[in-house]
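**Q** Got a predicted model here, sequence first, then my questions.
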Amino acid sequence: MIRYGDEFAKELTFVGIDARIERRDGQWVDVVLRFATAEETPIPSDLIDLTGLIVCTHEGHPIQMIPLDEGCDCEYQFTVGEKEQIEAYIRSEAVQTALKREAMAAG
(Lines give C-alpha, C1' and ligand atoms only; values in the text may rest on other atoms or scores of the structure.)
Protein backbone atom coordinates (compact mmCIF):
# COMPACT_ATOMS: atom_id res chain seq x y z
CA MET A 1 0.00 0.00 0.00
CA ILE A 2 1.13 3.53 -0.50
CA ARG A 3 0.00 6.46 1.60
CA TYR A 4 -0.90 9.58 -0.39
CA GLY A 5 2.12 11.87 -0.48
CA ASP A 6 4.65 9.18 0.48
CA GLU A 7 7.44 8.22 -1.90
CA PHE A 8 7.69 4.60 -0.83
CA ALA A 9 5.16 1.80 -0.99
CA LYS A 10 4.87 -1.30 1.15
CA GLU A 11 3.57 -4.15 -1.01
CA LEU A 12 1.02 -6.41 0.70
CA THR A 13 0.81 -10.08 -0.18
CA PHE A 14 -2.76 -11.34 0.15
CA VAL A 15 -3.03 -14.92 1.39
CA GLY A 16 -6.81 -14.88 1.73
CA ILE A 17 -9.64 -12.75 0.41
CA ASP A 18 -13.33 -12.85 1.34
CA ALA A 19 -15.90 -11.10 -0.85
CA ARG A 20 -19.35 -9.64 -0.37
CA ILE A 21 -21.02 -8.95 -3.72
CA GLU A 22 -23.94 -6.55 -4.13
CA ARG A 23 -25.66 -5.22 -7.24
CA ARG A 24 -25.67 -1.43 -7.06
CA ASP A 25 -27.79 -0.58 -10.10
CA GLY A 26 -28.29 -1.38 -13.78
CA GLN A 27 -24.63 -0.69 -14.54
CA TRP A 28 -22.45 -1.54 -11.53
CA VAL A 29 -21.82 -4.34 -9.06
CA ASP A 30 -19.93 -3.57 -5.84
CA VAL A 31 -17.55 -6.15 -4.42
CA VAL A 32 -16.31 -5.50 -0.89
CA LEU A 33 -13.16 -7.47 -0.09
CA ARG A 34 -11.69 -8.33 3.30
CA PHE A 35 -8.02 -9.32 3.25
CA ALA A 36 -5.70 -11.67 5.11
CA THR A 37 -2.06 -10.84 4.46
CA ALA A 38 1.18 -12.75 4.69
CA GLU A 39 2.88 -12.43 8.08
CA GLU A 40 5.84 -10.62 6.52
CA THR A 41 3.55 -8.00 4.90
CA PRO A 42 1.16 -6.83 7.63
CA ILE A 43 -1.53 -4.25 7.01
CA PRO A 44 -0.30 -0.76 8.03
CA SER A 45 -0.80 -0.33 11.78
CA ASP A 46 -2.68 2.96 11.41
CA LEU A 47 -5.51 1.22 9.51
CA ILE A 48 -8.25 -0.11 11.81
CA ASP A 49 -10.34 -2.21 9.40
CA LEU A 50 -8.95 -2.42 5.85
CA THR A 51 -11.36 -3.49 3.13
CA GLY A 52 -11.41 -2.87 -0.60
CA LEU A 53 -14.36 -1.62 -2.64
CA ILE A 54 -14.08 -3.00 -6.16
CA VAL A 55 -16.55 -1.51 -8.62
CA CYS A 56 -17.28 -3.91 -11.47
CA THR A 57 -19.43 -3.91 -14.57
CA HIS A 58 -22.25 -6.42 -14.85
CA GLU A 59 -19.95 -8.38 -17.18
CA GLY A 60 -17.48 -8.81 -14.32
CA HIS A 61 -14.80 -6.31 -15.33
CA PRO A 62 -13.19 -4.47 -12.39
CA ILE A 63 -13.26 -0.73 -13.11
CA GLN A 64 -12.20 0.87 -9.83
CA MET A 65 -10.35 -0.39 -6.72
CA ILE A 66 -10.70 1.73 -3.60
CA PRO A 67 -9.09 0.92 -0.24
CA LEU A 68 -11.34 1.70 2.72
CA ASP A 69 -10.72 1.91 6.46
CA GLU A 70 -13.79 1.24 8.58
CA GLY A 71 -15.89 1.60 5.41
CA CYS A 72 -14.61 5.10 4.56
CA ASP A 73 -12.04 6.50 2.14
CA CYS A 74 -8.56 6.42 3.61
CA GLU A 75 -5.21 8.00 2.88
CA TYR A 76 -3.85 4.87 1.23
CA GLN A 77 -4.06 3.51 -2.28
CA PHE A 78 -3.36 0.05 -3.62
CA THR A 79 -0.04 -0.53 -5.37
CA VAL A 80 0.15 -1.97 -8.89
CA GLY A 81 1.07 -5.38 -7.44
CA GLU A 82 -1.85 -5.33 -5.01
CA LYS A 83 -4.22 -4.36 -7.82
CA GLU A 84 -2.93 -7.31 -9.85
CA GLN A 85 -3.66 -9.67 -6.94
CA ILE A 86 -7.15 -8.21 -6.53
CA GLU A 87 -7.88 -8.39 -10.25
CA ALA A 88 -6.77 -12.04 -10.38
CA TYR A 89 -9.17 -12.80 -7.51
CA ILE A 90 -12.06 -10.88 -9.14
CA ARG A 91 -11.45 -12.66 -12.45
CA SER A 92 -11.41 -16.12 -10.82
CA GLU A 93 -14.16 -18.43 -12.03
CA ALA A 94 -15.94 -18.61 -8.67
CA VAL A 95 -16.07 -14.84 -8.19
CA GLN A 96 -17.08 -14.21 -11.81
CA THR A 97 -19.96 -16.68 -11.47
CA ALA A 98 -21.17 -15.04 -8.24
CA LEU A 99 -20.73 -11.54 -9.66
CA LYS A 100 -22.72 -12.27 -12.81
CA ARG A 101 -25.45 -14.02 -10.79
CA GLU A 102 -25.76 -10.93 -8.57
CA ALA A 103 -25.78 -8.64 -11.63
CA MET A 104 -28.77 -10.52 -13.03
CA ALA A 105 -30.73 -10.24 -9.75
CA ALA A 106 -33.78 -8.01 -9.91
CA GLY A 107 -33.01 -4.47 -8.80
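**A** That came in fine, so what should we check first?

**Q** what's the residue closest to the geometric middle of this structure?
**A** With distances taken as Cα atoms, centre = their mean, residue 52 lies nearest the centre of the chain, 3.5 Å away.

**Q** thought that residue was touching residue 86?
**A** Yes. Residue 52 is within contact range of residue 86, at 6.3 Å (criterion: Cβ atoms under 8 Å). Using the backbone N, CA and C atoms, a C-beta is placed for each residue, glycine as well.

**Q** Now list whatever residues contact both of the two.
**A** 33, 65, 78 (Cβ atoms under 8 Å, 6 or more residues apart in numbering).

**Q** In this structure, mark out all the helices, start to finish.
**A** Secondary structure of the chain (DSSP state H): helices located at 80-90, 93-104.

**Q** Save those as CSV, and put in mean neighbour count and distance to residue 70 too.
**A** Output for those, formatted as CSV (neighbours: other Cβ atoms under 10 Å; distance: least, Cβ to Cβ, whole Å):
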stretch, mean neighbour count, distance to residue 70
helix 80-90, 16, 19
helix 93-104, 15, 24
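
**Q** Could you list the low-confidence segments of this protein?
**A** Scanning the chain with the threshold set as pLDDT under 70 gives 106-107.

**Q** out of the shared contacts of residue 52 and residue 86, which is most surrounded?
**A** Within these, most neighbours by other Cβ atoms under 10 Å means residue 33, with 22 neighbours.

**Q** hey, what's that one bridged with?
**A** On the basis of DSSP bridges, residue 33 is bridged to residue 19, residue 52.

**Q** I'd guessed it sits against residue 19; true?
**A** Yes. At 5.5 Å, residue 33 and residue 19 qualify as touching, with contact defined as Cβ under 8 Å.

**Q** List the residues that are in contact with both of those two.
**A** Common neighbours of residue 33 and residue 19 (Cβ under 8 Å, 6+ apart) are residue 89.

**Q** Report the separation between the residue nearest to the centre of the chain and residue 1.
**A** 10 Å (Cβ to Cβ, to the nearest Å).

**Q** shared neighbours of those two, anything?
**A** 67, 78.

**Q** got a list of what residue 29 touches?
**A** Here residue 29 is in contact with 21, 22, 23, 55, 56, 57, 58, 60, 99, 102, 103 (Cβ under 8 Å, 6+ apart).
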